[in-house]
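Novice: Could you look at this predicted model? Sequence included:
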Amino acid sequence: MDLKRYKLGEIVKLHTITISPNSGTIYKLYSLPSFDNGMQCEIVDGNYIQSNKFSVPNKCILFNKLNVRFKRVWRINNEDTNKLCSTEFLPLIVDENIVDYQYLYYLLISDGITNYLCGQNTNTSGSHKRIDPNDFLNINVFLPSKSAQKQIGKLLSYIDNKINLNHALNQNLEAMTKQLYDYWFVQFDFPDENRRPYKSSGGEMVWNKKLKRDIPISWETKQIDDVAEIYNGATPSTINELNYGGDIVWITPKDLSDQKQKFVYKGERNISQVGYDSCSTHLLPSNTILMSSRAPIGLLAISKTELCTNQGFKSFAPKSGNIAVYLYYYLQHHIRQIEQLGTGTTFKEVSREDILKFPILKPSDNVLDLWEEMVSALNDRQLEIQKENESLIKQRNELLPLLMNGQVSVNSDL
């Protein structure tokens, strides 16, 4: 594949026009937090936007100029008015006479661009790399023919669209499960013996002193340790390389933060049997609920393989098979109260002793059995979609450098 060299400044222009938002006008605001929150822009009244922002033209690419290694690059395809972005982005207008819009997006998130920018030692601001726009526009890029660009952009966009569709489907499945949890265990309208909503149909309720509310008469209040074994984690010494690289899955809060998934079955690093034996971590069974207990408190996931964790977790191994998913949502529903148990000066941490005594509403077993039966299909589908997306992301990431370097070509019939 023949490649032609350009400077980035020859194929894009910076659109750095700032405006002061008007009070009473509704804007779409693209920012780093909204990018990290599933790439959902904020809908904001101009009255609440405190400083000037860049205006965002139609069909542009927003390139994050701070901490570039995180690859926060955003395609803005819509033609909505009143679009703004924070000044941590560079809005780029693409010269589509030279470069395909979709192709350029993938070029900008490629390792070649990222590694170049991360290596620019002069572009620093405190502890963070910050891009100098002039250096950015001076980067050399190599482009194939326009037709090849379109084929590559189309293929990679197809994979990304499938990932996004899967992500939306999983969000819908999660919303359904949360709604069901609320209906059954907050409003107490689970199906009674006649399949009618319990509380709305006059099901008997009784006042509970611990929870300070009425609960179904056959339900109980317990402590967390009545329904689950609670474990701390630990970290093998990082000085001894033999402690790492084995086949024991080891999870840190960063893994949950990076993955942002309901289920967890792998982490960034595994530990070896030597590492496992050297510290006080525990091998936890599948369907254990992991909860980060410091820095930050409250990240939750359900394990789907045997694994262990570092000391940043309190892990809940259910004592019965029908309570695992209920416990996950119960902890999620009460996470603010759990956060308030945290103590410490440098960062707050929830202790195992406080968690042991945390109250839990224990539904009757027949209700839990029915709940487990209903949500298991939803959970199985969510896990299947999560794994499919991870496979697609891996495929895209492996194809990206090969396509950008011309090592792989795309069938023209695509």
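Specialist: On my side now, so go ahead.

Novice: can you tell me the average pLDDT over stretch 362-374?
Specialist: For stretch 362-374, the per-residue pLDDT values average out at 95.

Novice: Then stretch 336-345?
Specialist: The pLDDT scores in stretch 336-345 average 89.

Novice: neighbouring contacts of that stretch?
Specialist: 291, 293-294, 297-298, 331, 348-351, 354-355, 358 (CB atoms under 8 Å, 6 or more residues apart in numbering). Every C-beta, even on glycine, is put in place using the N, C-alpha and C of the backbone.

Novice: Please indicate which of the residues you listed are buried?
Specialist: Using 16 or more other CB atoms under 10 Å as the burial test, those include 291, 293, 294, 297, 298, 331, 348, 349, 350, 354, 355, 358 as buried.

Novice: What about the nearest residue to the last one once chain neighbours are set aside, how many residues nearby?
Specialist: Spatial nearest neighbour of residue 358, chain neighbours left out: residue 224 (4.9 Å); criterion: CB to CB, 6 or more residues apart in numbering. For residue 224, the tally of surrounding residues (other CB atoms under 10 Å) stands at 21.

Novice: could I get the buried ones among the contacts of stretch 336-345 as JSON lines with secondary structure and pLDDT?
Specialist: Putting the buried ones among the contacts of stretch 336-345 into JSON lines (DSSP: H, G, I helix; E, B strand; the rest coil; pLDDT from 0 to 100) gives the following:
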{"residue": "291", "secondary structure": "strand", "pLDDT": "96"}
{"residue": "293", "secondary structure": "strand", "pLDDT": "94"}
{"residue": "294", "secondary structure": "strand", "pLDDT": "90"}
{"residue": "297", "secondary structure": "strand", "pLDDT": "92"}
{"residue": "298", "secondary structure": "strand", "pLDDT": "93"}
{"residue": "331", "secondary structure": "helix", "pLDDT": "97"}
{"residue": "348", "secondary structure": "coil", "pLDDT": "86"}
{"residue": "349", "secondary structure": "strand", "pLDDT": "90"}
{"residue": "350", "secondary structure": "coil", "pLDDT": "92"}
{"residue": "354", "secondary structure": "helix", "pLDDT": "89"}
{"residue": "355", "secondary structure": "helix", "pLDDT": "92"}
{"residue": "358", "secondary structure": "coil", "pLDDT": "92"}
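
Novice: of those, closest to residue 208?
Specialist: Within the buried ones among the contacts of stretch 336-345, proximity to residue 208 (CB to CB) peaks at residue 358, which comes in at 15.1 Å.

Novice: which one of the buried ones among the contacts of stretch 336-345 is nearest residue 119?
Specialist: The nearest one, if we look at those relative to residue 119 and count by CB to CB, is residue 294, at 33.8 Å.

Novice: give me the beta-bridge partners of that closest one?
Specialist: According to DSSP bridges, the partner residues bridging residue 294 are residue 349.

Novice: could you list every residue that touches it?
Specialist: With CB under 8 Å, 6+ apart as the criterion, the residues that contact residue 294 are 253, 312, 342, 344, 347, 348, 349, 350.

Novice: What of residue 360?
Specialist: Under the criterion of CB under 8 Å, 6+ apart, the contact partners of residue 360 comprise 221, 222, 223, 224, 226, 227, 327, 330.

Novice: Report the separation between it and residue 382.
Specialist: From residue 360 across to residue 382, the span is 24 Å (CB to CB, to the nearest Å).

Novice: Any chance you could list what contacts stretch 43-54?
Specialist: The set of residues that contact stretch 43-54 without belonging to it, under CB under 8 Å, 6+ apart, is 15-29, 84-87, 89, 91.

Novice: Same question for stretch 108-124.
Specialist: Here stretch 108-124 has contacts from 61, 63, 68-69, 71, 73, 107, 129-132, 135-136, 139, 141, 400-401, 404, using CB under 8 Å, 6+ apart.

Novice: In strands, which of those residues appear?
Specialist: Using DSSP state E, 61, 63, 73, 129, 141 are the members of the contacts of stretch 108-124 that sit in strands.

Novice: need the contact list for residue 80.
Specialist: If a contact means CB under 8 Å, 6+ apart, then residue 80 has residue 28 as its contacts.

Novice: now the strands: where do they sit in the stretch 101-250 of the chain?
Specialist: Residue ranges of the strands in the stretch 101-250 of the chain, as given by DSSP state E, counting those that start in this stretch, are 124-125, 128-129, 140-143, 205-208, 213-216, 220-223, 228-232, 244-251.

Novice: Name the residues of the host helix or strand of residue 5 that are buried.
Specialist: Here residue 5, judged by DSSP states H and E, is contained in strand 4-7. When burial is assessed from 16+ other CB under 10 Å, strand 4-7 yields the following buried residues: residue 6.

Novice: now stretch 171-179
Specialist: Taking 16+ other CB under 10 Å as the basis for neighbour counts, the residues of stretch 171-179 that come out buried are 173, 177.

Novice: Report the distance from that stretch to the chain centre.
Specialist: Chain-centre distance of stretch 171-179: 16 Å, with CA atoms, centre = their mean, to the nearest Å.

Novice: Next up, the contacts around residue 381.
Specialist: Applying CB under 8 Å, 6+ apart to residue 381 gives the contacts residue 173.

Novice: Number of residues surrounding residue 119?
Specialist: If you count neighbours by other CB under 10 Å, residue 119 ends up with 9.

Novice: Please tell me how far residue 51 sits from residue 87.
Specialist: Relative to residue 87, and taking CB to CB, residue 51 is found at 8 Å.
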